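> Return a 3D structure for these sequence lines:
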Amino acid sequence: MSQHPPPAPAWVAVADGLVVTVRATPRGGRDAIDGLVELGDGRRAVKARVSVAAEDGKANAALARLLAKAGGIAPSRVELLSGATSRTKSFKLTGDATEVAARLGALVG
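Residues are numbered from 1 along each chain as shown. Predicted coordinates:
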């Protein structure tokens, strides 16, 4: 039997917060976090949807607000690191990494 390594977590702690990988669905009908999803390369991502269309950065801004609310931090403490035009994005949530990770973990199960 071959053992596969467990999927990489959807977030990683950094010195001043957490870096979260997100798989985004714009125009998803509502703003919500729908658990975790495994990406094609084996990484995991937080599956999130927002009601706005992906134009002029509106979906990215909505995702940042959604992550801020989920992590219990101010929206100004969420920064898009990569993936501005991709469905897979990286956001940095600045704050207590343990606390923010616990809040996200409770949401995604």
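
> could you point out the longest helix in the protein?
Using DSSP state H, we find that the single longest helix of the chain is helix 58-71.

> What is that one packed up against?
The elements that helix 58-71 packs onto, with contact taken as 3 or more C-beta pairs under 8 Å, 6 or more residues apart in numbering; DSSP states H and E, are strand 17-25, strand 32-38, strand 44-49, strand 78-82, strand 88-94, helix 97-108. (C-beta placed from N, C-alpha, C; glycine too.)

> Just give me the residue closest to the centre of this protein.
The chain has Val22 as the residue nearest its centroid, 3.5 Å off, counting by C-alpha atoms, centre = their mean.

> re earlier: hey, C-alpha coordinates of the longest helix of the chain in PDB?
Taking C-alpha atoms only, helix 58-71 is exported to PDB below (Å, rounded to 0.1, in the frame of the first residue of the first chain):
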ATOM      1  CA  LYS A  58     -14.500  44.000  -6.700                       C
ATOM      2  CA  ALA A  59     -14.400  40.300  -6.000                       C
ATOM      3  CA  ASN A  60     -10.900  40.500  -4.400                       C
ATOM      4  CA  ALA A  61     -12.200  43.300  -2.100                       C
ATOM      5  CA  ALA A  62     -15.200  41.200  -1.200                       C
ATOM      6  CA  LEU A  63     -13.000  38.200  -0.500                       C
ATOM      7  CA  ALA A  64     -10.800  40.300   1.700                       C
ATOM      8  CA  ARG A  65     -13.800  41.500   3.700                       C
ATOM      9  CA  LEU A  66     -15.100  37.900   4.000                       C
ATOM     10  CA  LEU A  67     -11.700  36.700   5.300                       C
ATOM     11  CA  ALA A  68     -11.400  39.600   7.700                       C
ATOM     12  CA  LYS A  69     -14.800  38.700   9.200                       C
ATOM     13  CA  ALA A  70     -14.000  35.000   9.300                       C
ATOM     14  CA  GLY A  71     -10.600  35.700  11.000                       C
END
